[in-house]
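> no sequence on this one, just coordinates:
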């Protein structure tokens, strides 16, 4: 063995520890990056050389820069993302509907309906009072305004959701294109024998984003290519990224492939929450509200039309409400212009308030299904409240799971500055020692040269 | 387990958010004084709250109506008491008139009766909050007034028998007025039976005497023509002494239906009630109450009785006119005044009963409202003491979190290199 071997080993060592410090620097700089998976340097011993009956070591080598991740945790995070996003998004959108109701408060439909029916009660005591008739009209207008606010507010939320769903689908299409592109890049680098760790992190991040949007299934093949399917439909691999679109099918929004041939079976993610609220929840709420208002209008009109106005001569057969359509409950324009057209007398005399009493009694009158008018509205409020509460509780539950999984990931793949700084010290010492070795070898060589000269 | 910096900061932020969320909730509860701000806070609680709040609003509204009703009843009672005072004076005068020593002063007694009549008429037209208390439900005119010739008093409204009802509980209504017919009117009470085996097309008739304001006699004749099983067409006529109808036109037939028990079930599809008969040209005004007429097997035996011949106003006018002419009141006239007084006392008693019922209903509603408010408070009310202690506790935790974070999160091996 010659002195030159010492130079070789020391030089190689300097190079290896410089590389190790580079990796440590990359780890430290990404210490706060939640999507980053820490990298570790795998050091190995160089192949020894046989000489003079001995195997002589040839130093250290950098075998690999490995990316530390846990596929099982990543899979669990993706599954959980889809569930959490579903309930969290439901919580947000249904919360918007809930806020429209303004219940329980004095300005909610429940209180305003009671105020409206109470105004008839007051009128029944003094049926010829113009001011009490004005009160009835005013109470009806307040109720009508609130019904319109709630009903059109629901329409507005639905319209916003349609836009949101379209945006979600665009985002999904973009994610799928990115995944396909990243798959291709990763494949190229791997084929060239390189470790595409940062690209793998980027791909994981995009897949995680996608799992927030929609329920996905991810399979990694032997070449570590991510094959994505959404709702049972193939979506992306190394070569292809399928594009999706929204379309109306039987009055409901559906997500299909661009050609419309295949419909996604959505079960999770933000997109599922949005389509579910758009297609099912809001129409159901609107239907319940419409039923309540139609019943109210019919019951009031039925009584009112049998009464006599305060006109001379008294008129009969007049409806109190004109119509209810698209959330607008119209009061008879004749009554708006002249409150004396309110018909509360059952016999045409000005002091008879029997009809007003009957209308006031609608608050407690049982309908064919055994419930009162307001019971039906209360059921709607309860249904919305339960839906929001259920979504909130489930979202909170999945959020806790998500936090635990993220902690697991951070524990496994996250960067510890203490650990990295310890590595820095370790690598720095090795580097310094290697440099010193070159100095010693140089001195030894100089000693030999001095002997010759 | 490896503990990384990201874990430390995520853990800190997660716990901090949880504590802040609790602080925020407690602050909202304390600021608003309610635990349920939106339906999702407690869906069942919200439904209960909506129901209870509606019941409270309704009860408050009914109590307000009862107050108005009580004012109306009190005005009615006061008016009747005023009339009763005057009737007492009239009865006293009529007693004095019987004394021969007062024969020279009959004109003076006539003046006293005229004065009483004016006051009675004034009380009969008493208003409460713009409503004539004895006008039934017809507030178009004062219910009673002199005829154009000034010789008698007539009913000025088309119908003074209407009932004013108010709700005294969510499901119960109460009539608050005593109609002009109840207090002053002539009521022909129908009674007896119609033979249920009467052939379809056959007519059962009956008649009784009625009187105009001046006391002239007429015949009130009724016909029940059977049209189907348990169903009769009811018509009537008012005939003068020459047996000529005084009605401007024959009244439309009204369909009367009897139930299986023979009780009158409906008149023209509505619940049976008195039929007002008004002949202004002849100053005839009375009501016919058919509700006690039954349909039974056996010979028809209808019987009609009137509570008075002429009303108190015209009875007093006749007495006064007679006194002015030096004629003392007849026993019939004196009995009519006494009968009216007895009816009036009975009506004052009825009015008192209505007033008591309204007061009792209000007390019940008041108790119910208190119970409902208690339920609302238990469901939605904030336990301020507990919430304040919880808030203080959460604030302490929050401060501890900050302090620990400031000590731990900032530390690493770098501080010692």
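Okay, I see it. Keep in mind it's a predicted model, so treat the numbers as computed, not measured.
> tell me the residues of the stretch 101-250 of chain B that contact chain A?
B:129-131, B:135-140, B:158-159, B:162, B:164-167, B:170-171, B:173 (CB under 8 Å from any CB of the partner chain). Glycine gets a C-beta too; all of them are placed from N, C-alpha and C.
> just the ones in strands from those, please.
In this view, those that belong to strands under DSSP state E are B:131, B:165-167, B:173.
> confidence score at the residue of the stretch 251-400 of chain B found nearest chain A?
Relative to chain A, the nearest point of the stretch 251-400 of chain B is residue B:380 (7.8 Å; CB to the nearest CB). Residue B:380 carries a pLDDT value of 87.
> any chance of a markdown table for the ones in strands among the residues of the stretch 101-250 of chain B next to chain A, columns pLDDT?
Listed next are these as a markdown table, based on pLDDT from 0 to 100:
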| residue | pLDDT |
| --- | --- |
| B:131 | 88 |
| B:165 | 90 |
| B:166 | 90 |
| B:167 | 89 |
| B:173 | 89 |
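> could I get these as TSV with neighbour count?
Formatted as TSV, those follow (neighbours: other CB atoms under 10 Å in any protein chain shown):
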residue	neighbour count
B:131	21
B:165	21
B:166	26
B:167	26
B:173	17
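> nearest to residue B:318, of the residues you listed?
Closest approach between these and residue B:318, by CB to CB: residue B:131, at 30.6 Å.
> ok, that closest one to residue A:337 distance?
26 Å (CB to CB, to the nearest Å).
> equivalent analysis for residue B:347, please.
Distance from residue B:347 to residue A:337, by CB to CB: 42 Å.
> same question, residue A:101
On the measure of CB to CB, residue A:101 and residue A:337 end up 32 Å apart.
> low-confidence ranges, chain A, go.
Residue ranges of chain A with pLDDT under 70: A:1.
> please name the nearest non-neighbouring residue to whatever residue of chain A ends up closest to chain B.
Residue of chain A nearest chain B, by CB to the nearest CB: residue A:385 (2.7 Å). Using CB to CB, 6 or more residues apart in numbering or on different chains and skipping residues adjacent in sequence, the residue nearest residue A:385 is residue B:39, 2.7 Å away.
> one more: residue A:344?
Take residue A:344 and drop its neighbours on the chain: the residue closest to it by CB to CB, 6+ apart is residue A:356, 3.9 Å away.
> isn't the one you found right next to residue A:127, touching?
Yes: counting by CB atoms under 8 Å, residue A:127 is a contact partner of residue A:356 at 6.2 Å.
> between the two, which is the more surrounded one?
When neighbours are counted by other CB atoms under 10 Å in any protein chain shown, residue A:356 comes out ahead of the other of residue A:356 and residue A:127, with 33 against 26.
> against residue A:90, how distant is residue A:100?
16 Å.
> the two: which has the busier surroundings?
More crowded of residue A:100 and residue A:90, by other CB under 10 Å: residue A:90, with 24 against 19.
> now the more buried one: which helix or strand?
Using DSSP states H and E, residue A:90 maps to helix A:71-101.
> what about that helix, near chain B?
Yes: Helix A:71-101 reaches chain B (CB under 8 Å from any CB) through A:95, A:98-99, A:101.
> what helix or strand does the residue lying closest to residue B:382 once chain neighbours are set aside sit in?
Using CB to CB, 6+ apart and skipping the chain neighbours, the partner closest in space to residue B:382 is residue B:29 (4.9 Å). Element membership for residue B:29 (DSSP H and E) is helix B:5-32.
> quick one: list the elements packing against that helix.
Judged by 3 or more CB pairs under 8 Å, 6 or more residues apart in numbering or on different chains; DSSP states H and E, helix B:5-32 is in contact with helix A:373-413, helix B:384-408.
> I'd like the next helix or strand past that helix.
helix B:43-97.
> hmm, back to that, can you pick out the residue with more neighbours from residue B:347 and residue A:337?
Legend: neighbour count by other CB under 10 Å for residue B:347 and residue A:337, higher for residue B:347 (19 against 10).
> next up, the contacts around that one.
Shown in contact with residue B:347 (CB atoms under 8 Å, 6 or more residues apart in numbering or on different chains): B:80, B:178, B:182-183.
> and the residues you listed, which is closest to chain A?
Nearest to chain A among the contacts of residue B:347, with distances taken as CB to the nearest CB, is residue B:178, at 13.5 Å.
> distance of the residue nearest to that closest one when sequence neighbours are not counted relative to residue B:134?
Nearest residue to residue B:178 in three dimensions, chain neighbours excluded: residue B:347, at 5.3 Å (CB to CB, 6+ apart). As judged by CB to CB, residue B:347 and residue B:134 stand 10 Å apart.
> quick one: buried residues of the helix or strand where residue B:319 lies?
Using DSSP H and E, residue B:319 sits within helix B:312-324. Going by neighbour count (16 or more other CB atoms under 10 Å in any protein chain shown), the buried part of helix B:312-324 is B:312-320, B:322-323.
> same deal with stretch B:106-123?
B:106, B:109-110, B:112-114, B:116-117, B:120-121, B:123.
> of those residues, which belong to helices?
B:106, B:109-110, B:112-114, B:116-117, B:120-121, B:123 (DSSP state H).
> in TSV: the residues you listed, plus distance to residue A:27.
Putting those into TSV (distance: CB to CB, whole Å) gives the following:
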residue	distance to residue A:27
B:106	129
B:109	124
B:110	124
B:112	120
B:113	119
B:114	118
B:116	114
B:117	114
B:120	109
B:121	108
B:123	103
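> now, among those, which is nearest to chain A?
residue B:123 (18.5 Å).
> tell me where the stretch 1-150 of chain A has helices.
A:3-29, A:71-101, A:109-125, A:130-191 (DSSP state H, counting those that start in this stretch).
> among the ones you listed, show me which one is buried the most.
helix A:109-125 (a mean of 25; mean count of other CB atoms under 10 Å in any protein chain shown).
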